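[1] Sequence first, then the predicted structure:
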There are 2 protein chains.
Amino acid sequence: MASAGPNEPQQSGEQLRQMLPELNSARPTIAEIARRAGVNKSTVSRALRDDPSIPQATRQRIQDLAAQLNYVPNASARHLNHARTDTIALVSRALNLDTGAGSADPFLVELLAGIADEAASHHFDVLLVRAEEGERELGVYQRILGGRHADGVILTDLRPNDHRLAYLCRHRYPHVLFGRSAEDLAEARLYPYPWAEVDNRSGARIGTEHLIGLGHRRIAFIGGGDTYHWERDRRAGYREALARANLPYDPRLCIPSGISQKDGYLLTQQLLSWEEPPTAIFAISDVLAVGVMRAALDAGVQVGPAFSVIGFDGLGLGSYLTPPLTTLRQPINEVGRILVQLLCAVLRGTPPEEPHVFLQPELIVRASTRGY
Amino acid sequence: MASAGPNEPQQSGEQLRQMLPELNSARPTIAEIARRAGVNKSTVSRALRDDPSIPQATRQRIQDLAAQLNYVPNASARHLNHARTDTIALVSRALNLDTGAGSADPFLVELLAGIADEAASHHFDVLLVRAEEGERELGVYQRILGGRHADGVILTDLRPNDHRLAYLCRHRYPHVLFGRSAEDLAEARLYPYPWAEVDNRSGARIGTEHLIGLGHRRIAFIGGGDTYHWERDRRAGYREALARANLPYDPRLCIPSGISQKDGYLLTQQLLSWEEPPTAIFAISDVLAVGVMRAALDAGVQVGPAFSVIGFDGLGLGSYLTPPLTTLRQPINEVGRILVQLLCAVLRGTPPEEPHVFLQPELIVRASTRGY
DNA sequence: TTGTAAGCGTTATCAT
DNA sequence: ATGATAACGCTTACAA
């Protein structure tokens, strides 16, 4: 296979060093354009924004000149002048390598895609920020919002009594939340800033009811700690379904865990070694469910009728697993879009009539859950 | 389950509208600090950066005051002044919802995690930018780099004769590439800007040789178009292995496709309907391999000895598939870190001695490939 | 040790 | 229709 022709500039790697002094040069300013055009800076500024007070002819002349010189207005200068940056930040825990997830969280990309897409259509830049934990947690928001790296921020991984909320409200930092608790919905609707959330509790309840409907009675719920709304709510939905069906709640069947595939794998290995193992497992996320199914298969347990598995999230992956995974699909892309819309509305000064969006997940039944 | 106590400020959603005027207020400037401290702006500026010329006492006093007033220097002002933004941008195609991938690319998160982590440790912000296609492709770089939204940019999805390179070089826009061709490595080493790449060709060759070593003779290679280096190189590696083993190259067995699980699924369905189907499949990515394995299982073909499948990427997912997927692991996180290190070095004005990093992927043998 | 003033590149408010 | 000027918030010679 022939090499692609040498089309790029060819220089020794060392020559980069020689180019360095020029790196920051040669970007024309508005003053430069003005000088060359023989007009004032303000005329150029007007011409470039198609101000009708500038006659068509000069306008065109200046625009051509600017294009020819490859002029692009300096963002920092503009931001400084306008007192806004047209940038929103997404703060996410999933970017931390040491967060224990073991590997990438597919959820984040889906969300990011929605966010990036919508932000672009609003002419906003997107800043990606790692969430910090503990002492330095609030410092992140102070830096980004106080220092005006961004005009507003999207928060994820909300917790009960999340002290970030009080902090952001106190400082009037524009923000939008992904994740409120279904537990306090009435209260959450009073929150002054927008949020969007998927009904984790109902989702988990519906999923559990699905298992119960299939005849399962010993249903384990695995995954999640006690930290975030989404994990608490999903667990609550599980218990709610049991209660409604007058099934006893067995704490031994409700097992906390990490969020990686491996966690699901190890826990399921244990479960299956019980003398009376559960006949169905509700995994708190699709990622976890992957590990659960693998463990079952490795133990020679066929996933389906005798041992049903359901996940949560609706990752594209699910339908290609063996067997295909029943799950509760979240409209992740859409959540991303909505979050951006809500935040932009706030920044624009025109908050939406209903700033609180509560979406329903959708039960997708596949072969991993079958009648017992 | 009790609701989390009402800890957040409680206001009607409509009150947000009333708060709006205050949104952009109340962020103190350096002038404000100076006024309150009874000193000049420049003194404050110095005190805040621990300039030793300011006596310890005043320094402390000013720092306390700033902290108390929640002062954070305005990034735009600082950037304007310094003529740099301490921001790098990642331009990615994977953020486009309409890109045909169908869903999230897990690869991107892994890369992002590495990038975000390393960038943070260099005190750089990370801007996330969707790649455009066609006419508007270069406009993205003009806007980001010319407009100084970022100091430098990370390019992905490189193509042969990628005209972005000439463009960036011509304008002296600092950048680093993820993806050069193994086909023109000598030439690529002359490129003035840094790049990092994983040896896709060798990886694919080693993977194919693995299959050949297992006794497979009819080996299909599916996936990828003719656009990007990574897909061309992997295909080249496949052919190289065949050639070395004196196996004939059958064009019918080298099948282009999209990059989604579904593409892998549909193609494999077709393959299996042939009168003499291949006994092994090299899927150009792990994501594609997921679809391949699903199709095999659905067709009643057991993946393993009689029908081996190998992927490429080494996503965490692979070891939990059924059967676990043999693959070539790319050090994705590390690539992200390296890209940032290289770019920061350029921006710092101290380019590394060896700006071109070529990493080897690692063959990870699992149960999806077995002797034929 | 600290203050003064110029400058970063825009935009906006005056005038003219 | 266009020019002059101030302002955005910060840094940094240069003075004092």
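    Alright, I've got the coordinates. Numbers count the residues shown, from 1 in each chain, chains lettered A, B, ... in the order given.
[2] shaky segments in the stretch 51-200 of chain A?
    Low-confidence segments of the stretch 51-200 of chain A (pLDDT under 70): A:97-104.
[3] try 50 this time
    A:100 (pLDDT under 50).
[4] where do the helices sit along it?
    A:56-68, A:75-82, A:106-121, A:137-141, A:163-170, A:185-188, A:200-213 (DSSP state H, counting those that start in this stretch).
[5] Save the ones you listed as a markdown table, and put in distance to DNA strand C and mean neighbour count too.
    Yep, even glycine has a C-beta here, placed from its N, CA and C like the rest. Shown next, in a markdown table, are these (distance: least, CB to the nearest atom of the strand, whole Å; neighbours: other CB atoms under 10 Å in any protein chain shown):
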| stretch | distance to DNA strand C | mean neighbour count |
| --- | --- | --- |
| helix A:56-68 | 10 | 15 |
| helix A:75-82 | 3 | 18 |
| helix A:106-121 | 20 | 23 |
| helix A:137-141 | 26 | 17 |
| helix A:163-170 | 28 | 17 |
| helix A:185-188 | 37 | 15 |
| helix A:200-213 | 44 | 23 |
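[6] got those as CSV, with distance to residue B:232 columns?
    Putting the helices of the stretch 51-200 of chain A into CSV (distance: least, CB to CB, whole Å) gives the following:
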stretch, distance to residue B:232
helix A:56-68, 35
helix A:75-82, 36
helix A:106-121, 25
helix A:137-141, 41
helix A:163-170, 47
helix A:185-188, 51
helix A:200-213, 43
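[7] Among those, which comes closest to residue B:67?
    Proximity to residue B:67 (CB to CB) singles out helix A:137-141 among the helices of the stretch 51-200 of chain A, at 11.6 Å.
[8] and the closest one, what other elements does it pack with?
    Judged by 3 or more CB pairs under 8 Å, 6 or more residues apart in numbering or on different chains; DSSP states H and E, the packing partners of helix A:137-141 are helix A:163-170.
[9] got the contact list for the helix it packs on?
    By CB atoms under 8 Å, 6 or more residues apart in numbering or on different chains, the surrounding residues in contact with helix A:163-170 are A:137-138, A:141, A:145, A:153, A:155, A:158, A:173, A:175, A:177, A:191-193, B:7-9.
[10] for chain B, what are the nearby residues on the stretch 251-372 of chain A?
    Proximity of the stretch 251-372 of chain A to chain B, by CB under 8 Å from any CB of the partner chain, involves residues A:260-261, A:265, A:290-291, A:293-294, A:297, A:315-317, A:319-322, A:324, A:333, A:346, A:349, A:351, A:354-356.
[11] Quick one: the strands in chain A, in order.
    In chain A, the strands defined using DSSP state E lie at A:87-92, A:125-130, A:152-155, A:175-178, A:195-198, A:219-222, A:254-255, A:280-283, A:308-310, A:327-329, A:356-359, A:362-364.
[12] Show me how far the first one is from its chain's centre.
    With CA atoms, centre = their mean, to the nearest Å as the basis, the distance from the averaged C-alpha position of strand A:87-92 to the chain average is 10 Å.
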